[in-house]
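Visitor: structure for this input, please:
(2 chains)
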Amino acid sequence: MNYNWNWGIFWQAAPGGQGTYAQALLSGLMFTLAVGLLAWIMALILGSIVGTVRTTPSKWAVRIGNGYVELFRNIPLLVQMYMWYFVIPEFLPGPIGSYIKSMPNEPFVTAVICLGFFTSARVAEQVRAGINSLPRGQSMAGTAMGLTPTQTYMKVILPQAFRIIIPPMTSEFLNVIKNSSVALYIGVMELTAQARSMQEFSFQVFEAFSAATLLYVAINVIVLNLMRFIENRTRVPGLIAVGGAKIAGH
Amino acid sequence: MKSFDRIVLALLTLGIAAGVSGQELTGTLKKIKDTGTITIGYRDASIPFSYLDDSQKPIGYSMDLCYKIVDAVKAQLKLPDLKVALQPVTSATRIPLIANGTVDMECGSTTNNLERQQQVSFVVTTFVTANRLMSKAKNKIVNLEDLKGKTLVSTSGTSNLKQVTELNGTKNLGINIVAASDHPAAFQMVESDRAAAFAMDDILLYSLVAQSKNPADYYISTVQLSTEPYGIIVRKGDPDFKKVADGAITAVMKSGEINKIYAKWFLSPIPPKNGNLNVPMSDALKKVVANPTDSGDPASYK
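Guide: Predicted coordinates for the structure are as follows:
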């Protein structure tokens, strides 16, 4: 290796006169968190609705839900990013299109929307799987007790399903943060973009990406612990054991 | 004692003889000699410096000059069968690949500056470009001052973006500066009226405009914001290889062959679309041709 290591590079002034390279990376980190968290909130809400709808008896609702999931799950994220940013504004009526295009933080908003829809399809799939993993007797028991279908979902099915899917949802949460790096292709200066720009200016490529890697690991460790905390706090004694017993041949 | 002197003398003579007949090879030259292969890093879409043609073969102005270096290495090492391996690189991979020895030289359109020279060495400058503004012809943006309150785009990680950001700050111009991921994306921002102007190396602007749907729609300002010398990158701390490379490029300039190569890429129709950039050689580049230099200081090109 013929490489001139320079870990002091982080304390040197980054071009643009807005502080050091370290500050540039931290500002990238903030954008990564902002895009990731907002997209995650959007994905949780949309994904929960679509996932639940896909388990209802209504054939048409199920079909629409399935179409939604396949649409957002089967197109590569990068292609979706380009579609939202470059294609969709051109198809909107003139004034709306130009208003959107002149918004100062348009890349950021577009990135959140795109990542939100993309991740919501994956969340919907988890929610559906969680609901379907419950024994059918649960909803029947709800009906037998005189609960309306909505009450059955709200009070019996969903509370159990959401507890079951916390581990796969942790993966999705980690994914949404990592996937936010795709936003750099539409000009969001998030963590990966800042690392790339740092290496282009200084040519200290290994230092730049080492720092970015460490920051991603740090965020993901926090997310992991947060989700573990939620899992422990919401645990209902005996609930998961019921699932275990079922596998063992009920 | 006498016999000892004789041995020393013999060894010295041998050493000098070896020095004359075949230098002790080190670094890249040794690696090339041992493997019989020289690896060129090329860019896939840096028109007309280094890009892929219809048959996915890398061609361009920098590639032609790199092949001159390959010829010089062949002659130096007496390796007529020297194989040339071609390795695609991006702006993110070129430094690691040069550093770990995968690529021996990068032939693209890389700006030579003092900051980057701490990491790699640049062969004699092969092109000089300038940071300029491109806008829609109907808006005709000449100066940065014309952009007050408007949006200016540049490509992320470029020295152009760095420069306009600094000027915007120091002169307090109030321009909204945004970064696009690559040159086509930045161009598209102007095309779709998201940005009023695009700050970039003029030669790249010319080639983007030449490839656009309607080249007459665009205007490139005459005001020059900076000077950007381009050079071929080689490993740092390898003076022997750099000497061969510098020698090859200098010879092309001194012999006047550079004019032919220049005309082929900048004044004639080029693949893939047979567009003609029609950019005559700048005075700054003419100066470099007369006095080849590998300086990374823009002031030495004025």
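
Visitor: quick one, helices of chain B?
Guide: Taking DSSP state H, the helices of chain B run over residues B:2-21, B:27-35, B:61-77, B:94-99, B:159-170, B:183-191, B:202-211, B:239-254, B:257-266, B:283-290.

Visitor: just so I know, which of those lies nearest A:Ala212?
Guide: Proximity to A:Ala212 (Cβ to Cβ) singles out helix B:94-99 among these, at 14.4 Å. C-beta coordinates here come from the backbone N, C-alpha and C atoms, glycine included.

Visitor: restrict that closest one to CA atoms and write it as CSV.
Guide: C-alpha atoms of helix B:94-99 as CSV (Å, rounded to 0.1, in the frame of the first residue of the first chain):
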residue,chain,number,x,y,z
ARG,B,94,-9.3,5.9,-8.1
ILE,B,95,-7.2,6.7,-5.0
PRO,B,96,-7.5,3.3,-3.2
LEU,B,97,-6.8,1.5,-6.5
ILE,B,98,-3.7,3.6,-7.2
ALA,B,99,-2.5,3.2,-3.6
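
Visitor: can you list contacts of it?
Guide: Residues outside helix B:94-99 that contact it (Cβ atoms under 8 Å, 6 or more residues apart in numbering or on different chains) are A:1-3, A:199, A:203, A:205-206, B:41, B:87, B:89, B:103-106, B:108, B:110, B:119-120, B:233-235.

Visitor: and with 7 Å instead?
Guide: Contact with helix B:94-99 is made by A:1-3, A:199, A:203, A:205, B:41, B:87, B:89, B:103, B:106, B:119-120, B:233, B:235, as judged by Cβ atoms under 7 Å, 6 or more residues apart in numbering or on different chains.

Visitor: and of these, the nearest to B:Ala197?
Guide: Nearest to B:Ala197 among these: A:Gln199, at 26.2 Å, using Cβ to Cβ.

Visitor: isn't that closest one right next to B:Ala92, touching?
Guide: Yes. Contact criterion Cβ atoms under 7 Å: A:Gln199 and B:Ala92 qualify, at 6.5 Å.

Visitor: which residue is nearest the middle of the chain?
Guide: Assuming you mean chain A. Geometric centre of chain A, nearest residue: A:Val176, 3.0 Å, by Cα atoms, centre = their mean.

Visitor: wrong one, chain B
Guide: Closest residue to the average C-alpha location of chain B: B:Ser109 at 3.2 Å, with Cα atoms, centre = their mean.

Visitor: look at it and report its pLDDT.
Guide: On the pLDDT scale, B:Ser109 is placed at 90.

Visitor: on that earlier part again, so which of the contacts of helix B:94-99 would you say is closest to A:Leu33?
Guide: If you rank the contacts of helix B:94-99 by distance to A:Leu33 using Cβ to Cβ, A:Gln199 comes first, at 21.6 Å.

Visitor: how far away is the closest one from B:Lys264?
Guide: The gap separating A:Gln199 from B:Lys264 is 33 Å, by Cβ to Cβ, to the nearest Å.

Visitor: which one of those two has more residues nearby?
Guide: For A:Gln199 versus B:Lys264, the count of surrounding residues by other Cβ atoms under 10 Å in any protein chain shown is larger for A:Gln199: 25 against 14.

Visitor: residue contacts, the more buried one?
Guide: A:Val205, A:Ala208, B:Ala92, B:Ile95.

Visitor: can we see that at 8 Å?
Guide: Applying Cβ under 8 Å, 6+ apart to A:Gln199 gives the contacts A:Val205, A:Ala208, A:Phe209, B:Ala92, B:Ile95, B:Gly157.

Visitor: count of neighbours near the fourth one?
Guide: In terms of burial, B:Ala92 registers 17 neighbours under the definition other Cβ under 10 Å.

Visitor: for B:Val70, see how far away the nearest residue to it once chain neighbours are set aside is.
Guide: Using Cβ to Cβ, 6 or more residues apart in numbering or on different chains and skipping the chain neighbours, the partner closest in space to B:Ala92 is A:Arg196 (5.9 Å). Using Cβ to Cβ, we find A:Arg196 at a distance of 30 Å from B:Val70.
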